[in-house]
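Colleague: quick one, structure for this:
(one chain, ligands or ions: 2)
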Amino acid sequence: MKLLHLSTLSTSKSSLLLESSLSRDEPLIVMKGVSKVFQTPAGDFPALKDFNAVFLRGEFISVIGKSGSGKSTLVNMITGMDRPTSGVVSIEGACVQEMGESQMAAWRGRNLGIVFQFFQLLPMLSLLENVMLPMDFCNVYDPAEREVRAMELLRIVGLQDYAEKLPMAISGGQQQCAAIARALANDPPIIIADEPTGNLDSLTADSVFQIFNDLIQRGKTILMVTHDSSLAERTSRTLLIADGILVQDSANGLKGK
Ligand code: ADP
Ligand code: MG
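Modeller: Ligands and ions are numbered 1, 2, ... in the order given. Model prediction:
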């Protein structure tokens, strides 16, 4: 699969993905005492326990840990897909769990690009339409501008020749690239990815990782859950979660309880 990278386009497409006007290395995501307890027929299950972390603008954070350790729960706390049982998540000063559902959806659409393991493209829409959807939803770009922008984003991930195809007509790796293009639709400052390479072969996984790396160069902040320790090693900061506890943070050394 041939992928074009942002770095190669940085001069010609400088307005497509705007560099943040704010400087790097300032707190962007703050998590204080975040816990999540699921109520199950077998009783309460604590999936995340007193999670504390500050993520800085421009960081490329990987989150690793065994299956069931609480990685997706952590992601869901940040994206507002789920709410903590206690504690606070604030992003650029906005308290995620205090927003109502519609306010949250609008805020999420503008501020977070979310990438999933199984892509979650809408099967009845073309790639172009999939990428335009978040722009239509958030109404950020002028309607006349949206198709051109979606096309440019598909070009960035190497899919300009596939714009009219349905997701089922392309490979898994290409679907993930289309999902990344969709995540970039509203030019969010933060990309959250939950096992984005979990369903891809290692060569394709590497191409997807390279796109993320290029986005970091463009000033984005990325938090990526991964099973692949070789990819985690290539990020700027790695968190290890075990049994819902942040046991290691490469930014701070050991944090075990
Ligand atoms: P990971 O992403 O690291 O594999 P998850 O965050 O998905 O782990 O899950 C952490 C733990 O919480 C698991 O034991 C899982 O079974 C449990 N869990 C996740 N979601 C729910 C839920 N909605 N209800 C009950 N238990 C859940
Ligand atoms: Mg998970």
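Colleague: can we go C-alpha only for contacts and neighbour counts from here?
Modeller: OK.
Colleague: apart from its neighbours in sequence, what residue is nearest the one residue in the stretch 151-257 of the chain that gets nearest to ligand 1?
Modeller: In the stretch 151-257 of the chain, the residue that lies nearest ligand 1 is Gly244 (7.0 Å; C-alpha to the nearest ligand atom). Distances taken as C-alpha to C-alpha, 6 or more residues apart in numbering put Leu48 closest to Gly244, at 4.0 Å, once the chain neighbours are dropped.
Colleague: Arg149 too?
Modeller: Using C-alpha to C-alpha, 6+ apart and skipping residues adjacent in sequence, the residue nearest Arg149 is Leu16, 7.4 Å away.
Colleague: so who does the one you found touch?
Modeller: Leu16 makes contact with Arg149, Glu152, Asp187, according to C-alpha atoms under 8 Å, 6 or more residues apart in numbering.
Colleague: shaky segments in this protein?
Modeller: Along the chain, the model assigns pLDDT under 70 to residues 1-15, 18-22, 253-257.
Colleague: what does it put close to ligand 1?
Modeller: Phe38, Thr40, Ala47, Lys66, Ser67, Gly68, Ser69, Gly70, Lys71, Ser72, Thr73 (C-alpha under 6 Å from any ligand atom).
Colleague: so the residue of the stretch 151-257 of the chain closest to ligand 1 touches Gly70, yeah?
Modeller: Yes: with contact defined as C-alpha atoms under 8 Å, Gly244 counts as touching Gly70 (5.0 Å).
Colleague: what touches both of the two?
Modeller: Ala47, Leu48.
Colleague: the closest residue to Ile91 other than its chain neighbours in helix, strand or coil?
Modeller: Spatially, and ignoring its direct neighbours in sequence, Ile91 is nearest to Ile29 (4.5 Å; C-alpha to C-alpha, 6+ apart). Assigned by DSSP: H, G, I helix; E, B strand; the rest coil, the conformation of Ile29 is strand.
Colleague: partner residues bridging Ile29?
Modeller: As for beta bridges, Ile29 partners with Phe55, Ile91 under DSSP bridges.
Colleague: ok, now which ones touch it?
Modeller: Applying C-alpha under 8 Å, 6+ apart to Ile29 gives the contacts Val54, Phe55, Leu56, Val89, Ser90, Ile91, Glu92.
Colleague: ok, the residue nearest to Arg149 to Leu246 distance?
Modeller: Remark: distance between Leu16 and Leu246 (C-alpha to C-alpha, to the nearest Å) = 36 Å.
Colleague: next one: Asp187
Modeller: Distance from Asp187 to Leu246, by C-alpha to C-alpha: 30 Å.
Colleague: how about Phe209?
Modeller: To Leu246, Phe209 is 24 Å away according to C-alpha to C-alpha.
Colleague: what about the two, which has more around it?
Modeller: Each of Phe209 and Leu246 had its neighbours counted (other C-alpha atoms under 10 Å), and the higher figure belongs to Leu246 (25 against 18).
Colleague: quick check, the more buried one in a strand?
Modeller: Yes: counting by three-state DSSP, Leu246 is found in a strand.
Colleague: tell me the bridge partners for it.
Modeller: Ile241.
Colleague: isn't it right next to Leu240, touching?
Modeller: Yes: Leu246 is within contact range of Leu240, at 6.0 Å (criterion: C-alpha under 8 Å).
Colleague: what ranges does the stretch 51-200 of the chain have for its helices?
Modeller: Along the stretch 51-200 of the chain, counting by DSSP state H, counting those that start in this stretch, helices occupy 71-79, 101-111, 127-138, 143-156, 172-183.
Colleague: compare these and give me the one nearest Phe119.
Modeller: Set against Phe119 and scored by C-alpha to C-alpha, the helices of the stretch 51-200 of the chain come closest in helix 172-183, at 5.4 Å.
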